[in-house]
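In: test case, fold it:
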Amino acid sequence: MDVRRLDLLRELAERGSVTAVAQAAHRTPSAVSQQLKVLEREAGVPLTERSGRGIQLTSAGYALARSATDVAVALARATAVWDEFRNHPSGEVRLATFPSAGQVLLPGVLRDVALIPGLVVLCSDGDAELLDFPSLTADFDIVLAHSLKGARAWSGRGLRAVPLMTEPLDIALPRDHRLAGRSYLTPADVVDEPWIGVPVGFPFERILHDIEQVAGRRATVYQRISDLRMVEAFVAADLGISVIPRYTSGGIDPSRVILKPLRGVDAERDIVALLRPDVAERLAVRNVLSIVRRRAAEIEAAHAGQRQ
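Out: Here you go, the predicted model:
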């Protein structure tokens, strides 16, 4: 079987439509369909079937698509071995991130990458609450994503998830707030405060729900804002308190806003790098990922001792 046709089948399994595959492969839909039909003849069994106006994979098609992933991993691994032999970690690496992680991690990452001749990182950002970040691995080599404990949007999608850091989620208070002198806060301390929350359905909303459950009463949310910088500005203006990530809150003015650890609920999020398994074998990608991991470890180390 032709490796390129196998890769088209794999892309169909991941992207869901011939049109999406054609756009990614810079081909026409008819050309993609034709190549899939050739692959089907080579396989000797139906790989696709009609579904509404489009097509979907049969069980045999999904099985072969999984095999295509194994083939892609093997080819990428062989290429990486050759690149290592030549000591040639150059190439272009596409990286997608959510803004707060990008703000803290990427300046240092890009400075380090610039020291490696021929290695280039192209960055893109998007709102992790609004985008399906795991699906971006179809178009980006490395995708930085986050989730609260127990919530894994990338589970079961065949991706490699590389842990970068576990970030505490603190309570942001105006500097002169009555609770500002506490070393840490509990749900009972904060539930009755006015809240600057997140839009309904955003992950951080679960933290407030957990606070309500532990405290035994409802909180009052006066504003719902998705942008972290706006939330910080509202807290600084004494309009309410909020949940703020500790490491990636680089824009906070400590003379106006302070962060306090929250005890009594699981207030942490995991930040990970997501990669397709074949992409993870590329030497250029491995070099960039190593730099990202080192920078993430430095950020955690800089905050060591602050976690309560």
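
In: what sits against Ser147?
Out: Going by Cβ atoms under 8 Å, 6 or more residues apart in numbering, Ser147 touches Ala153, Pro203, Arg269, Asp270, Val272. All C-beta atoms are positioned from the backbone trio N, CA, C, and that covers glycine.

In: mind checking which of those residues land in helices?
Out: Residues of these located in helices (DSSP state H): none.

In: for those, which one is nearest Asp192?
Out: The closest of those to Asp192 turns out to be Pro203 (Cβ to Cβ; 23.4 Å).

In: that closest one reaches Leu148, doesn't it?
Out: Yes. At 5.2 Å, Pro203 and Leu148 qualify as touching, with contact defined as Cβ atoms under 8 Å.

In: just to revisit the earlier point, quick check: the farthest pair among the contacts of Ser147?
Out: Checking the contacts of Ser147 with Cβ to Cβ, the most distant pair is Pro203 and Val272, at 13.8 Å.

In: among the contacts of Ser147, name the buried ones.
Out: Neighbour counting with 16 or more other Cβ atoms under 10 Å marks Ala153, Pro203, Arg269, Asp270, Val272 as buried within the contacts of Ser147.

In: what segments of the stretch 51-200 of the chain are strands?
Out: With DSSP state E, counting those that start in this stretch as the definition, the stretch 51-200 of the chain shows strands at residue ranges 54-57, 91-97, 119-125, 142-148, 160-174, 194-197.

In: tell me how far the third one lies from the chain's centre.
Out: What that stands for is strand 119-125. The chain centroid and the centroid of strand 119-125 are separated by 15 Å under Cα atoms, centre = their mean, to the nearest Å.

In: parallel or antiparallel, list what pairs with it.
Out: strand 91-97 (parallel) (DSSP bridges).

In: cool, and the first one?
Out: Note on strand 54-57: by DSSP bridges, its sheet partners are strand 48-51 (antiparallel).

In: just to revisit the earlier point, what residues are shared contacts of Pro203 and Val272?
Out: His146, Ser147.

In: that older thread, strands - which of the buried ones among the contacts of Ser147 land there?
Out: Using DSSP state E, the members of the buried ones among the contacts of Ser147 that fall in strands are Arg269, Asp270, Val272.

In: ok, those residues vs Leu47, which is closest?
Out: In terms of Cβ to Cβ, no member of those lies closer to Leu47 than Val272, at 32.4 Å.

In: identify the bridge partners of the spatially closest residue to that closest one that is not a sequence neighbour.
Out: The shortest distance from Val272 to any non-neighbouring residue, by Cβ to Cβ, 6 or more residues apart in numbering, is to Ala161 (4.8 Å). When bridges are called by DSSP bridges, Ala161 pairs up with Leu274.

In: quick check, Ala161 in contact with Pro277.
Out: No. Taking Cβ under 8 Å as the definition, Ala161 is not a contact partner of Pro277, at 10.8 Å.

In: so which elements touch the helix or strand harbouring Val285?
Out: Using DSSP states H and E, the element containing Val285 is helix 283-302. Helix 283-302 sits against helix 59-85, strand 91-97, helix 99-113, strand 119-125, strand 142-148, strand 160-174, strand 268-275, with contacts defined as 3 or more Cβ pairs under 8 Å, 6 or more residues apart in numbering; DSSP states H and E.

In: just to revisit the earlier point, quick check: neighbours shared by Pro203 and Leu148?
Out: By Cβ under 8 Å, 6+ apart, Pro203 and Leu148 have these common neighbours: Arg269.

In: the nearest residue to Asp266 once chain neighbours are set aside: neighbour count?
Out: Distances taken as Cβ to Cβ, 6+ apart place Lys149 nearest to Asp266, at 5.1 Å, with adjacent residues excluded. Other residues near Lys149 come to 12 when the count uses other Cβ atoms under 10 Å.

In: circling back: tell me which of the ones in strands among the buried ones among the contacts of Ser147 is nearest to Thr248?
Out: Closest to Thr248 out of these is Arg269 (9.6 Å), distances taken as Cβ to Cβ.

In: I figured the closest one hits Leu164, correct?
Out: No. Look at Arg269 against Leu164 with Cβ under 8 Å: they stay out of range, at 11.1 Å.

In: what about Asp139, how many neighbours?
Out: For Asp139, which is what you asked about, the neighbour count (other Cβ under 10 Å) is 13.

In: which ones are touching it?
Out: Counting by Cβ under 8 Å, 6+ apart, Asp139 has contacts Ala24, Arg94.

In: pLDDT at Ser147, what is it?
Out: At Ser147, the model reports a pLDDT of 88.

In: actually Ala43, not the one I typed
Out: Looking at Ala43, its pLDDT reads 78.
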